[in-house]
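Undergrad: Got a predicted structure here, sequence first:
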Amino acid sequence: MPVKNSKMKIKICENGPYTVYGGVPLMDQILVPDAEGLSTGWHKGKEYPLQEEYDLCRCGHSKTKPFCDLTHNEIFFDGTETASREPFDSQSEPKTIGPDMELSDVVPLCALARFCDRAGGVWDNLRASDDPEKRKIVLQEVGDCPAGRLVLRDKAGNLIEPEFEPSIGLVLDPVVAELGPLWVRGGIPIESADGYIYEVRNRVTLCRCGKSTNKPFCDGRHTNGE
């Protein structure tokens, strides 16, 4: 899934920030909750001035968030990458099968955005997705999952994915009153500190609180204060 601008890339600096190359657009993305606190959609917030190159905070302690101010050096931030380098499909749990779609799930990638529990939950809705309303809910629940933990395919094996322009969304979560992860969209390559290129995907979330146990990816730890 190559991006339109081949210069676009996110480089993970050892125990430091994410350096973003290629003029990647950056904006706030705000979760929209229902009365129960479950997410129903996204609201686009502030757009940041376009820069050809910039550093985003990874340790969670910068005083100039979302940008890095070198605080990671003062706190001796340990940004060791621990995430699996196996492809998504190799990590997936057994698929959930619906009438005309299959759902793959890689739990360690969960960023706790709370889309999949709405309206009875994506797994039950998938099993009943021959109902047009249930199918619509499944497509919305999975497509809005920023982390790409959940992936849909049709019975021919074709991915069912939302279309994204390459960009980075700064997730804001009003329910837990916390800054969420970086929502990386549109197949932007992510390069590890040692030069490894992670599997290029349409949507992933990168930790920016410094607490994830699945670095560089978000594991939802920003929501519980651990």
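TA: Here it is on my side, so go on. Residues are numbered from 1 along each chain as shown.
Undergrad: mind giving me the domain split of the protein?
TA: For the chain, the structural domains run 9-85+166-223, 88-160, going by automatic domain parsing.
Undergrad: Looking at the first one now, give me its mean pLDDT.
TA: Looking at domain 9-85+166-223 alone, the average pLDDT works out to 96.
Undergrad: re the thing from before, make a markdown table from the domains of the chain and add mean neighbour count to it.
TA: Just so you know, the C-beta spots here come from the backbone N, C-alpha and C atoms, and that holds for glycine as well. Formatted as a markdown table, the domains of the chain follow (neighbours: other CB atoms under 10 Å):
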| stretch | mean neighbour count |
| --- | --- |
| domain 9-85+166-223 | 18 |
| domain 88-160 | 18 |
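Undergrad: following the longest helix seen in the chain, which helix or strand shows up next?
TA: Secondary structure of the chain per DSSP state H: the longest helix is helix 132-143. Once the chain leaves helix 132-143, the next helix or strand it forms, by DSSP states H and E, is strand 150-154.
Undergrad: how close does residue 214 get to residue 202?
TA: Using CB to CB, to the nearest Å, residue 214 is found at 19 Å from residue 202.
Undergrad: which helices and strands does the longest helix of the chain pack with?
TA: strand 101-105, helix 122-127, strand 150-154 (3 or more CB pairs under 8 Å, 6 or more residues apart in numbering; DSSP states H and E).
Undergrad: Just name whatever secondary elements the longest one is in contact with.
TA: Looking back up the chat, that one is helix 122-127. By 3+ CB pairs under 8 Å, 6+ apart, helix 122-127 packs against strand 96-97, strand 101-105, helix 132-143.
Undergrad: what comes into contact with that helix?
TA: 96-98, 101, 103, 115-116, 119, 134, 137-138, 141-142, 150 (CB atoms under 8 Å, 6 or more residues apart in numbering).
Undergrad: again, only this time at 10 Å
TA: 95-103, 105, 115-119, 129, 131, 133-142, 145, 150, 152 (CB atoms under 10 Å, 6 or more residues apart in numbering).
Undergrad: try the last one
TA: Strand 150-154 is contacted from outside by 88-89, 92, 95-96, 98, 100-107, 109-110, 115-116, 122-123, 126, 129, 138-139, 141-145, 158-161, 201-203, using CB under 10 Å, 6+ apart.
Undergrad: Export it to CSV, keeping only CA atoms.
TA: Taking Å, rounded to 0.1, in the frame of the first residue of the first chain, the C-alpha atoms of strand 150-154 are listed here in CSV:
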residue,chain,number,x,y,z
LEU,A,150,-10.1,-5.3,13.5
VAL,A,151,-10.0,-6.1,9.8
LEU,A,152,-12.9,-7.2,7.5
ARG,A,153,-12.6,-9.2,4.4
ASP,A,154,-15.3,-10.4,2.0
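Undergrad: Quick check: can you name the pairing partners of whatever helix or strand comes next after that strand and their directions?
TA: Per DSSP H and E, the first helix or strand lying C-terminal to strand 150-154 is strand 159-160. Within its sheet, and counting by DSSP bridges, strand 159-160 is paired with strand 150-154 (antiparallel).
Undergrad: and the partner strand, how far from the chain's centre?
TA: Centroid displacement of strand 150-154 relative to its chain, using CA atoms, centre = their mean, to the nearest Å, is 16 Å.
Undergrad: Could you pull up the mean pLDDT of that strand?
TA: On average, strand 150-154 scores 96.
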